[in-house]
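1. I need the structure of the sequence given here:
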Amino acid sequence: MPKIAIKNRDKLIICGLFLAKFDTLAYKSLGFSSFMEAFNVLGFALQGKPSNIKNYRDEFDPYFDNARKGWQRDLRAYTKIIFEKYQNMEFEAFKNLISSFLIENYEEKLQVNEFLDSKIETSFIKRVATGKAAENYFLHNFKKHFANFNVLDVREFGCGFDFKLTLKNHQICVEVKGLSENKGQFLLTQKNFEMADKLKENYCLFIVRNLKEKPKESLFFHPLNHFKLKEQNIKIVQKSYQGVL
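-> Have a look, this model is predicted:
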């Protein structure tokens with residue numbers, strides 16, 4: 001049976017309902033440290049705004065036993081539909097539904113992990129969500145820094161950057177990173193490093209910082225000149241077993 005696609009606005013509403021119904025347990029289960037971080041990351045990751053998630057949570061708050069009073073008014077028609085459909089969903093199923101909005105093929109990954117008696121770590125969910133949030137933050141805000149540029153999404157191309165910006169004959173390649181804190185560590189792949197070295201001033205590292213409170217961006221052109229990057233060599237030992245028929 002084919003999956004029924006959930007509209008993007010409905011995903012934002014469902015996230016608000018999850019946070020209202022399960023309160024602090026909801027955001028902690030996704031690896032977030034506060035409601036504010038949940039609003040920021042979920043809002044941007046799902047191509048909305050942090051205020052969307054907060055407003056939907058506030059709208060649902062009066063219908064659940066938590067310390068917040070919420071909006072104290074009747075649900076709007078479209079939020080009432082979501083409420084009636086999902087209000088009785090149990091915690092684990094609800095958490096998996098939210099996770100499926102963030103991680104591609106989440107249901108299939110969950111089935112394989114259950115078969116292997118393992119689990120999808122909360123840290124993995126948060127890392128994926130934070131990366132998506134940073135990328136969508138860039139799409140919401142790049143015009144402030146690159147007025148009149150056209151943007152091409154190349155995230156699936158494996159070319160060493162996420163977005164290619166073009167204005168006439170001027171091209172800039174942008175790699176986006178997201179940090180929960182105001183400061184922190186980030187990783188560049190070998191391909192990122194090679195392209196940054198090749199393109200120099202035409203390669204921009206766009207870092208979205210402080211996603212847990214108030215996101216803001218920092219831009220670094222020719223990032224290899226800005227950071228003392230420490231090379232990390234990861235040695236992978238993989239065994240194989242030969243059979244004879």
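
2. any idea how far the lowest-mean-pLDDT helix or strand in the chain is from the chain center?
-> One helix or strand of the chain scores below all others by mean pLDDT, DSSP states H and E: helix 106-115, with a mean of 76. With CA atoms, centre = their mean, to the nearest Å as the basis, helix 106-115 stands 20 Å off its chain's centre.

3. what's in contact with it?
-> N96, S99, S100, I103, K119, I120 (CB atoms under 8 Å, 6 or more residues apart in numbering). C-beta coordinates here come from the backbone N, C-alpha and C atoms, glycine included.

4. Could you turn the buried ones of these into a ChimeraX selection?
-> Buried subset of the contacts of helix 106-115, written as a ChimeraX selection, criterion 16 or more other CB atoms under 10 Å:
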select :99,100,103,120
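
5. tell me the helices in the chain, going along the chain?
-> 8-29, 35-45, 50-60, 77-86, 91-102, 106-115, 122-141, 190-199 (DSSP state H).

6. pLDDT of the second one, averaged?
-> Yep, that's helix 35-45 we're talking about. Averaging pLDDT along helix 35-45 gives 97.

7. what's the angle between that helix and helix 8-29?
-> 140 degrees (axes from the mean of the first three to the mean of the last three CA atoms, to 10 degrees).

8. how about the CA coordinates for stretch 186-199, as PDB?
-> Provided in PDB are the C-alpha atoms of stretch 186-199 (Å, rounded to 0.1, in the frame of the first residue of the first chain):
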ATOM      1  CA  PHE A 186      32.700  21.100  12.200                       C
ATOM      2  CA  LEU A 187      34.000  18.600   9.700                       C
ATOM      3  CA  LEU A 188      35.000  19.100   6.100                       C
ATOM      4  CA  THR A 189      35.200  16.000   3.900                       C
ATOM      5  CA  GLN A 190      38.100  15.400   1.600                       C
ATOM      6  CA  LYS A 191      36.000  16.600  -1.300                       C
ATOM      7  CA  ASN A 192      35.000  19.800   0.600                       C
ATOM      8  CA  PHE A 193      38.700  20.400   1.300                       C
ATOM      9  CA  GLU A 194      39.800  19.900  -2.300                       C
ATOM     10  CA  MET A 195      37.100  22.200  -3.700                       C
ATOM     11  CA  ALA A 196      37.800  24.900  -1.100                       C
ATOM     12  CA  ASP A 197      41.500  24.700  -2.000                       C
ATOM     13  CA  LYS A 198      40.700  24.900  -5.700                       C
ATOM     14  CA  LEU A 199      38.100  27.600  -5.700                       C
END
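
9. follow-up on the earlier one: can you tell me which two in the contacts of helix 106-115 are farthest apart?
-> Farthest apart among the contacts of helix 106-115 by CB to CB are S100 and K119. That separation is 14.9 Å.

10. pLDDT weak spots in this protein?
-> By pLDDT under 70, the weakly predicted segments of the chain are 1-4, 115-118, 242.

11. what helices or strands is the longest strand along it leaning on?
-> Across the chain, the longest stretch assigned as strand under DSSP state E is strand 170-178. In terms of contacts (3 or more CB pairs under 8 Å, 6 or more residues apart in numbering; DSSP states H and E), strand 170-178 is packed against helix 122-141, strand 163-167, helix 190-199, strand 203-209.

12. ok, the nearest residue to D153 once chain neighbours are set aside - contacts?
-> Closest residue in space to D153, ignoring its immediate chain neighbours: F163 at 6.1 Å, by CB to CB, 6 or more residues apart in numbering. By CB under 8 Å, 6+ apart, F163 lies in contact with F138, L139, F142, V151, L152, D153, V154, R155, C173, V174, V176.

13. and the third one, how far is that from I120?
-> Spelled out, that is F142. Computed as CB to CB, to the nearest Å, the F142 to I120 distance reads 31 Å.
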